[in-house]
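Colleague: return a 3D structure for these sequence lines:
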Amino acid sequence: MDLKQFYHRRKVLVTGAGGFIGSHLTEALARAGAHVTAMIRYSSSPAWGNLEHLPLDLKNSIKVIAGNIEDPEFVIQAVRDQNIVFHLAALVAVPYSYVAQRNYVRTNIEGTLNVLEAARRPGVSRVVHTSTSEVYGTAITDRIDESHPLQGQSPFSASKIGADKIAESYFRSFSTPVVTVRPFNTFGPRQSARAFIPTIISQAATREVIELGALDTLRDMTFVGDTVSGFLAAGATSGIEGETINLGTGKAFLVSHFAHRILSLMKVKKRIARDPERIRPATSEVFRLVSNNEKAWRLLRWMPETSIDEGLRLTISFVEANIASYRANDYNI
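Modeller: Below you'll find the model as predicted:
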């Protein structure tokens with residue numbers, strides 16, 4: 001399928017458009033000629049989050065609306081007259097979920113409910129709901145397929161399980177045309193240093209010692225451009241309503257491996273240490289996340305194309321070019 005042709009002139013809403021994946025998805029849709037409405041969270045700042053990194057011509061081509069995903073009336077107005085809705089708005093930081101549990105329920109579960117309820121109205125042909133591999137918890141199989149049990153090992157993952165089940169219920173109860181995509185760990189330019197790859201890069205550029213949390217966890221890392229192509233395919237492929245689809249590479253490496261690989265690519269030598277404040281509670285840590293992506297290939301003809309090293313080089317270039325923003329808050333590095 002020619003995805004650019006499919007999305008040309010279609011009315012598309014992206015919630016969470018100012019975030020990491022959301023900004024890349026919004027950019028890809030704008031480049032395809034879609035009529036994009038980008039929903040960002042309202043704040044007193046006029047900034048558009050990661051959408052600020054888009055070229056001026058693309059920024060001028062999208063409609064940006066600021067509001068709150070927890071406000072059902074606002075969501076109804078945002079969804080009205082849209083053909084396709086990509087729902088990415090969420091609280092995603094695992095550590096913050098340990099201290100703000102109710103916020104995660106309101107944003108991730110109630111926000112998803114608002115989007116799905118709004119999408120029951122005529123005209124919406126597809127809702128692509130965003131899950132996360134964190135819903136699986138620590139794997140009980142070598143590679144995780146979509147039938148793996150769901151385990152709420154953090155308030156964040158529990159909230160996303162709830163959101164996923166709300167999406168499932170709307171398909172089963174009301175035939176809402178929703179597809180759930182479940183990205184495994186995604187990395188790339190624009191990602192916050194709350195994620196470990198930009199944390200490593202920003203610390204390697206500014207410190208003598210790199211402080212990380214668990215070094216012995218296995219992660220399946222997908223470059224953001226590949227994750228976005230999976231979203232686009234999920235929004236365009238017919239006959240997949242009600243499905244849940246993993247987006248991952250099927251390969252995993254230790255966090256320590258990524259740290260040493262990044263240092264090698266940056267051509268620097270730094271000491272790596274564990275920071276106790278970055279360690280999750282023992283029964284909450286997810287030690288192994290490796291996707292089985294056979295379903296994505298079978299239904300979407302999707303397969304990641306960007307090598308780890310290529311993705312890391314692009315991410316390193318972005319972080320180094322924007323190091324001031326990473327140094328603005330010590331928590332971020």
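
Colleague: quick one: residues contacting the closest residue to Lys59 other than its chain neighbours.
Modeller: Leaving aside its sequence neighbours, Lys59 sits nearest to Leu51 (Cβ to Cβ, 6 or more residues apart in numbering; 6.7 Å). Quick note: C-beta positions are derived from backbone N, CA and C, even for glycine. Contact criterion Cβ atoms under 8 Å, 6 or more residues apart in numbering gives Ala17, Gly18, Ser23, Thr26, Ala38, Ile40, Lys59, Ile62, Val64 as the residues in contact with Leu51.

Colleague: buried subset of those residues, written for ChimeraX?
Modeller: Remark: buried members of these, expressed as a ChimeraX selection using 16 or more other Cβ atoms under 10 Å:
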select :17,18,23,26,38,40,59,62,64
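
Colleague: assumed the residue nearest to Lys59 was part of a helix.
Modeller: Yes: assessed by DSSP: H, G, I helix; E, B strand; the rest coil, Leu51 belongs to a helix.

Colleague: list the contacts of the helix-or-strand element of the chain with minimal mean pLDDT.
Modeller: For the chain, using mean pLDDT, DSSP states H and E, the weakest element among its helices and strands is strand 288-289, scoring a mean of 80. Taking Cβ under 8 Å, 6+ apart as the criterion, the residues outside strand 288-289 that touch it are 133-134, 136, 138-139, 144, 184-185, 217-220, 252.

Colleague: list buried residues within those residues.
Modeller: So, of the contacts of strand 288-289, Ser133, Glu134, Tyr136, Ala139, Ile144, Phe184, Asn185, Thr217, Leu218, Arg219, Asp220, Ala252 end up buried under the neighbour-count rule (16+ other Cβ under 10 Å).

Colleague: who touches the fourth one in this structure?
Modeller: The neighbourhood of Ala139, defined by Cβ under 8 Å, 6+ apart, consists of His148, Arg288, Leu289, Val290.

Colleague: can you pull the pLDDT of it?
Modeller: As predicted, Ala139 sits at a pLDDT of 87.

Colleague: what do you get for the last one?
Modeller: With respect to pLDDT, Ala252 has a value of 90.

Colleague: for the second one, same thing?
Modeller: In the prediction, the pLDDT value recorded for Glu134 is 93.

Colleague: so it sits right up against Pro155, yeah?
Modeller: No: here Glu134 does not reach Pro155: they are 10.8 Å apart, not a contact under Cβ atoms under 8 Å.

Colleague: now stretch 42-59: buried residues?
Modeller: So, applying 16+ other Cβ under 10 Å, buried residues of stretch 42-59: Trp48, Gly49, Asn50, Leu51, His53, Leu54, Leu58, Lys59.

Colleague: straight-line length of it, end to end?
Modeller: The straight-line separation of the ends of stretch 42-59 (Cα to Cα, to the nearest Å) is 18 Å.

Colleague: same question for that stretch, mean pLDDT?
Modeller: Mean per-residue pLDDT for stretch 42-59: 90.

Colleague: same check on stretch 102-120?
Modeller: Model confidence over stretch 102-120, given as mean pLDDT, is 97.

Colleague: with stretch 174-193 instead?
Modeller: In this model, stretch 174-193 has a mean pLDDT of 96.

Colleague: buried residues, that stretch. List them.
Modeller: When neighbours are counted by 16+ other Cβ under 10 Å, the buried residues of stretch 174-193 are found to be 176-193.

Colleague: ends of that stretch, how far apart?
Modeller: Criterion Cα to Cα; first-to-last residue distance in stretch 174-193 is 40 Å.

Colleague: so how far is it off the chain centroid?
Modeller: Distance of stretch 174-193 from the chain centroid (Cα atoms, centre = their mean, to the nearest Å) equals 4 Å.

Colleague: any buried residues in stretch 19-39, and which?
Modeller: 19-32, 34-39.

Colleague: and the strands in this protein?
Modeller: For the chain, the strands defined by DSSP state E occupy 11-15, 35-41, 63-67, 84-87, 126-130, 178-183, 186-187, 209-212, 218-219, 222-223, 244-247, 253-254, 271-274, 288-289.

Colleague: the first one - contacts with which helices or strands?
Modeller: Looking back up the chat, that one is strand 11-15. Other helices and strands packing on strand 11-15, by 3 or more Cβ pairs under 8 Å, 6 or more residues apart in numbering; DSSP states H and E, are helix 20-31, strand 35-41, helix 72-79, strand 84-87.

Colleague: in JSON lines: those, plus distance to Glu241.
Modeller: Supplementary listing: the helices and strands packed on strand 11-15 in JSON lines, determined by distance: least, Cβ to Cβ, whole Å:
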{"stretch": "helix 20-31", "distance to Glu241": "20"}
{"stretch": "strand 35-41", "distance to Glu241": "22"}
{"stretch": "helix 72-79", "distance to Glu241": "17"}
{"stretch": "strand 84-87", "distance to Glu241": "12"}
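
Colleague: thinking again about what came up before, nearest to Ser44, of the contacts of strand 288-289?
Modeller: For these, the closest approach to Ser44 (Cβ to Cβ) belongs to Glu134, at 30.8 Å.

Colleague: and the residue nearest to that closest one when sequence neighbours are not counted, how many neighbours?
Modeller: In this structure, Glu134 finds its nearest non-sequential neighbour in Ser157, 4.2 Å apart by Cβ to Cβ, 6+ apart. By the criterion of other Cβ atoms under 10 Å, Ser157 has 25 neighbours.
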